[in-house]
Each structure stands twice: as C-alpha cells, then as structure tokens.
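In: pasting the sequence and the predicted model now:
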Amino acid sequence: MKHMTLKTVDGGTLSISKIVLGSSSLHTIWRTLGEEGTFRYIDRFRALGGDTVDTGRTYGGEMDQISFGLCEAILSRYIKSRRCENELHIITKGGFPDLDTRDLSMIRFRMTREAVLGDFYTSYDRLQKGPIDIYMLHRDAPEKPVSYMMDILDEIAKTGLVKVIGVSNWPLSRILEGNAYARSKGQAEIAVSEIMWSYAYTDVAARNDRTLSIMDDALYQQYLSAPIPIISFSSQARGLFSLLYQGAYTWDEVAEKNRWYAFEDNRLRWLKVKEYCDRTGISPAAVILAYLTSNPVECAPIIGCMTENEIADSLSAPDLTLTPEELRWFDAI
C-alpha cells in the first residue's frame with residue numbers, strides 16, 4: 001500500500017494509507033450487517049493494507065440532526081474492540097451547514113467559532129481515541145474573512161487534541177490565502193485539502209451543490225504548483241466504470257443510472273478504462289484509484305464500498321503505479 005505524508009501541527013509528520021475508507025454509509029452497513037459484521041468489514045480494509053478512515057460529525061443521520069454522529073460512534077466502538085487507537089487513523093470534519101430536516105437540504109452556514117468548537121469537542125468525545133488524526137472544516141463560509149477561519153483552526157490545533165488540520169471543499173486560492181495568514185501569525189497551517197476528484201468528469205451543475213470543490217482542468221493546474229496534498233471523495237464516480245465493465249448497465253443508460261457522470265467525455269474515458277483493463281486484467285476500480293495515487297498532484301482517494309468484496313476489488317492492486325506516459329494516455333480525451 002502506498003502512503004502519503006502530511007505535516008502535523010507540532011512540526012512532525014503523519015503517514016496515512018493512500019487509499020482511505022469512506023464511512024458516510026457505515027451506519028447503513030451497520031444496520032444491515034450488525035456490529036460484528038461491520039467490524040469485519042473494517043477488518044478487511046485493514047488486512048489489505050488500509051489504515052485510514054474518513055468520517056464526519058454529520059455522518060450517520062437519516063432525516064434529523066439528532067442521530068448525526070452515528071458513524072463516529074461505530075468507529076469508536078471498533079477502535080475499542082480492536083485496540084487499534086494508534087494503528088487506525090481517523091479523519092473527521094465539522095462545521096457542516098444546518099440542514100432542513102424534511103429533505104436534508106442546506107439552509108444556512110454555521111461556520112462560527114462556537115459551532116466549530118462544539119463540533120470538534122463532540123467528535124473528540126465520541127471517537128474516544130485520543131488526539132484526532134486529521135480534523136477538517138467540512139465546508140467553507142465564503143462570507144467570513146479567511147483570518148477568522150484560520151484563527152478557529154489554530155485554536156483547535158493549540159488544544160493538543162489533533163495532529164493535522166485540513167479543510168474540505170475550499171477553493172485552493174482560499175487555502176493559500178489562509179496559510180499565508182497563518183504563517184504571518186505563527187499559527188498552524190492547513191496541511192491537506194479534501195475535494196471531489198476522480199478519473200470521471202462531473203461539475204457543480206450536475207451535482208447541484210455549489211458548496212463543493214470539484215477538480216477541473218484549471219484547478220488541476222493550480223494544484224500542480226501548490227504544495228497541498230489532496231484527499232479525494234467520490235473517487236470511483238459511484239462505481240461508474242466498474243458497473244459498466246460488469247455489464248450492470250450500458251453507456252446509453254448512464255443518464256438514468258448515474259446522471260452526475262453523463263458526459264460525452266466520460267464515454268471516451270470509459271473506452272480508455274475498458275481498453276486498459278482488457279489488456280492488463282486489472283480491475284477498473286483498482287485502475288481508477290491508481291490514476292489518482294500515481295498522479296503528479298499527490299492524492300489519497302476515498303473508497304465508498306458497501307461490501308467486503310468491493311473493498312477487495314478496490315484494493316486488488318494497491319501498489320499499482322501508472323507511468324507518466326500511461327497517465328498522459330488516460331488524459332488524452
């Protein structure tokens with residue numbers, strides 16, 4: 001398994017697996033498999049070399065905010081059961097917008113010092129593993145000065161209860177501005193950025209969520225020149241290439257089955273994936289992860305698996321490294 005090295009708030013480093021297990025559906029898996037079945041699911045990820053799980057303060061709710069945090073609670077019980085406080089790294093996030101309980105639509109930002117600190121301590125208390133490995137702000141609040149946001153992150157860093165600070169769905173320009181401010185004040189800097197990125201293309205209009213940061217050609221060029229590593233969500237495009245390869249649906253059905261990715265560019269990308277997999281015998285899930293883990297822009301993709309078999313498929317070639325020539329071939333659309 002490849003690893004990514006992140007800067008810690010105390011000037012050291014933290015090494016995490018370059019494939020990260022997502023947990024936004026962990027509560028659904030738990031309701032289906034039960035406690036021990038869910039624990040075996042996480043065991044499988046770890047047995048195949050993974051050591052990092054991505055979660056969030058809001059993960060685990062259904063139609064209310066009271067039950068939010070169920071995924072953190074499941075992970076806490078797993079860590080206690082397996083006694084792996086120092087072996088399993090947890091990424092969690094706070095400061096998610098308030099939601100309408102009727103349909104979970106975002107109704108207002110809640111990026112205040114009080115709200116973020118409340119989320120942070122709630123997550124810390126719920127996880128019960130000691131210092132949180134990576135703590136992120138889940139969204140930006142563009143109406144707030146970046147200095148205000150960085151002061152909050154620095155206050156969290158100074159608690160001694162977190163190792164790495166990061167942000168999710170922030171514009172890169174905002175991250176760089178924030179880090180420049182932090183350096184001027186001797187504060188902790190943002191060490192990692194979580195955004196939406198996969199080999200498949202999508203955009204904000206398709207997602208209908210303008211709070212997301214989604215990789216595109218212009219943003220990619222910016223990240224090439226910035227020393228900010230990425231953790232990417234939706235890295236497997238909701239199984240797009242795997243399901244096409246398995247024959248679960250055809251390209252003509254993508255607009256109905258997986259509408260976020262119904263772009264002509266993705267049809268051409270699918271043909272590239274199919275050709276490569278036919279030639280090498282490597283799984284589409286593993287290939288598109290390797291596209292990210294081999295990229296000049298350093299990236300640790302999050303996998304969103306529902307079963308142990310899907311974990312095994314995704315991690316079937318965790319050390320696969322695509323050459324610069326192969327990456328250029330994949331990008332030549």
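Out: Happy to help now that I have it.

In: which parts of the stretch 201-333 of the chain are strands?
Out: For the stretch 201-333 of the chain, the strands defined by DSSP state E, counting those that start in this stretch occupy 230-233, 299-303.

In: can I get those strands in a markdown table with distance to residue 137?
Out: To be clear about C-beta, it is placed using only N, CA and C from the backbone, and glycine gets the same treatment. Output for these, formatted as a markdown table (distance: least, Cβ to Cβ, whole Å):
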| stretch | distance to residue 137 |
| --- | --- |
| strand 230-233 | 13 |
| strand 299-303 | 17 |
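
In: and those strands as JSON lines, adding mean neighbour count and mean pLDDT?
Out: JSON lines is the format used below for those (neighbours: other Cβ atoms under 10 Å; pLDDT from 0 to 100):
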{"stretch": "strand 230-233", "mean neighbour count": "24", "mean pLDDT": "98"}
{"stretch": "strand 299-303", "mean neighbour count": "24", "mean pLDDT": "98"}
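
In: can you tell which of the ones you listed is closest to residue 53?
Out: Set against residue 53 and scored by Cβ to Cβ, the strands of the stretch 201-333 of the chain come closest in strand 299-303, at 9.1 Å.

In: okay, now the sheet partners of the closest one, with direction.
Out: strand 20-22 (parallel), strand 230-233 (parallel) (DSSP bridges).

In: touching, residue 292 and residue 302? I think so.
Out: No - in this structure residue 292 lies outside contact range of residue 302 using Cβ atoms under 8 Å: 10.0 Å.

In: mutual contacts of the two, please.
Out: Listed as contacting both residue 292 and residue 302 by Cβ atoms under 8 Å, 6 or more residues apart in numbering are 232, 235.

In: need the strands paired with strand 299-303 in CSV with distance to residue 152, can you?
Out: Formatted as CSV, those follow (distance: least, Cβ to Cβ, whole Å):
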stretch, distance to residue 152
strand 20-22, 24
strand 230-233, 20
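
In: any idea what sits nearest residue 164, other than its immediate chain neighbours?
Out: residue 134 (4.4 Å; Cβ to Cβ, 6 or more residues apart in numbering).

In: with that, I have no additional questions.
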